[in-house]
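**Student:** Next comes the sequence, and after it the predicted model I'd like to discuss.
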Amino acid sequence: MADRLIGVNTWVWDSPLTDANLPPLLAKIAALGFNAVELPLENAGDFTAAIARQALAATGLKPFIVGAMAPGRDLVAADAATVAATQDYLAACIQMAYDVGAPAVCGPFYSATGRVWRLTEAERAEAYRELRRNLAPLAARAAEAGVVLGIEPLNRYETSLVNTVEQALDALAPLLGNGVGLALDSYHLNIEERSSAAAIRAAGRHLVHLQVCGNDRGAPGGDQTNWPELVKALDDVGYTGPLNIESFTADNASIAAAASIWRPLAPSQDRLASDGLAFLRGL
């Protein structure tokens with residue numbers, strides 16, 4: 001595996017990320033040995049760029065912004081006010097990325113996480129057209145800011161709109177390479193793809209961000225995922241971006257419910273992060 005940034009999402013420890021908890025969390029992450037960090041902006045104003053820049057400068061961590069599609073955030077099959085509010089939220093994420101020097105803003109930027117409904121082939125095609133229309137101004141804004149929107153497919157239990165790389169390529173084709181790319185997550189790949197490695201190869205040059213965790217959403221390593229095969233696929237497509245551990249704490253009621261974390265996934269959250277880092281470095 002080529003030398004890559006290895007990061008971790010602050011959701012491993014706490015939610016939401018704020019000006020109060022951001023500096024100590026980043027200090028902990030740097031002390032554990034990571035060189036990148038995912039900063040979730042759950043709501044505009046949760047934390048400020050000034051505080052984030054100070055903490056990033058102090059720790060040397062490379063930032064990546066992650067968005068959260070909470071209930072009521074939708075770019076498809078929604079009223080005009082909901083779409084506009086969702087666009088405003090994503091614009092704030094893009095602005096934060098620009099302000100802190102993050103190259104990408106990643107997440108399932110199409111529909112609220114957990115919103116599922118049946119779609120005929122014609123209905124899905126229309127939903128994808130609507131997504132492209134409502135995402136286009138954000139793609140332009142991202143490109144102007146030198147930021148890429150990494151659109152993430154989710155598993156079938158969290159969305160019915162974009163579950164696979166093939167669907168993402170179909171939905172986003174005209175926008176890819178112009179402020180839009182794909183963000184993939186080994187957890188969702190493990191559920192929805194026949195081969196995670198083949199899915200990565202299908203994403204190819206459009207892969208801009210990768211999140212990793214064990215198939216149980218714990219630390220990567222020692223799980224059922226074929227990590228050597230996955231990493232070979234990354235090398236084959238020339239991916240030089242980060243590997244970011246995304247997991248969640250069961251100790252925070254809101255994040256545990258949102259991510260269906262009903263039990264601890266490691267002896268401690270620090271241990272989850274450090275074991276995952278050691279495994280990824282060993283690859």
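**Tutor:** Looks like it came in fine. Here the structure is a predicted model, which is why all the values come from computation and not from measurement.
**Student:** buried ones in the helix or strand of the chain with the lowest mean pLDDT?
**Tutor:** Least confident helix or strand of the chain, by mean pLDDT, DSSP states H and E, is helix 253-259 with a mean of 86. Neighbour-count burial for helix 253-259 flags Ile255, Ala256, Ala258, Ala259 (criterion: 16 or more other C-beta atoms under 10 Å). Every residue, glycine included, has its C-beta placed from N, CA and C.
**Student:** what comes into contact with that helix?
**Tutor:** With contact meaning C-beta atoms under 8 Å, 6 or more residues apart in numbering, helix 253-259 is reached by Trp11, Ser15, Thr113, Gly114, Arg217, Phe248, Thr249, Ala250, Ile261, Trp262.
**Student:** that older thread, identify, from the buried residues of helix 253-259, the entry nearest to Ala91.
**Tutor:** Ala258 (22.9 Å; C-beta to C-beta).
**Student:** tell me, how many neighbours does Ala145 end up with?
**Tutor:** A total of 16 residues lie near Ala145 under the criterion other C-beta atoms under 10 Å.
**Student:** same check, this time on Cys93
**Tutor:** Cys93 has 26 neighbours, counted by other C-beta under 10 Å.
**Student:** Can you name every helix or strand that the helix or strand hosting it contacts?
**Tutor:** Per DSSP states H and E: Cys93 is located in helix 80-100. The contact analysis (3 or more C-beta pairs under 8 Å, 6 or more residues apart in numbering; DSSP states H and E) places helix 80-100 against strand 36-41, helix 49-59, strand 62-67, strand 104-107, helix 121-145.
**Student:** quick one: Ala49 and Ala97 touch, right?
**Tutor:** No. At 9.6 Å, Ala49 does not count as touching Ala97 under the criterion of C-beta atoms under 8 Å.
**Student:** of these two, who's got more company?
**Tutor:** Counted by other C-beta under 10 Å, Ala49 and Ala97 do not tie: Ala97 has more neighbours, with 28 against 15.
**Student:** Which residues are in contact with that one?
**Tutor:** Listed by C-beta under 8 Å, 6+ apart, the contact set of Ala97 reads Pro63, Ile65, Pro103, Ala104, Val105, Ala145, Val147.
**Student:** Need the max-distance pair from the residues you listed.
**Tutor:** Of all pairs drawn from these, the greatest distance, 14.2 Å, lies between Pro63 and Ala145 (C-beta to C-beta).
**Student:** How many residues are close by Val237?
**Tutor:** 16.
**Student:** hang on, I meant Ser274
**Tutor:** So Ser274, with other C-beta under 10 Å, has 17 neighbours.
**Student:** nearest spatial neighbour of it, skipping sequence neighbours?
**Tutor:** Counting by C-beta to C-beta, 6 or more residues apart in numbering, Ser274 lies nearest to Leu32, which is 5.4 Å off, once chain neighbours are set aside.
**Student:** Sketch out the low-pLDDT regions of this structure for me.
**Tutor:** In the predicted model of the chain, residues 1-2 satisfy pLDDT under 70.
**Student:** Quick check: the gap between the residue of it most remote from its centre and Ser160.
**Tutor:** The outermost residue of the chain relative to its centre, with distances by C-alpha atoms, centre = their mean, is Ala122 at 28.4 Å. In this view, Ala122 and Ser160 are 15 Å apart by C-beta to C-beta, to the nearest Å.
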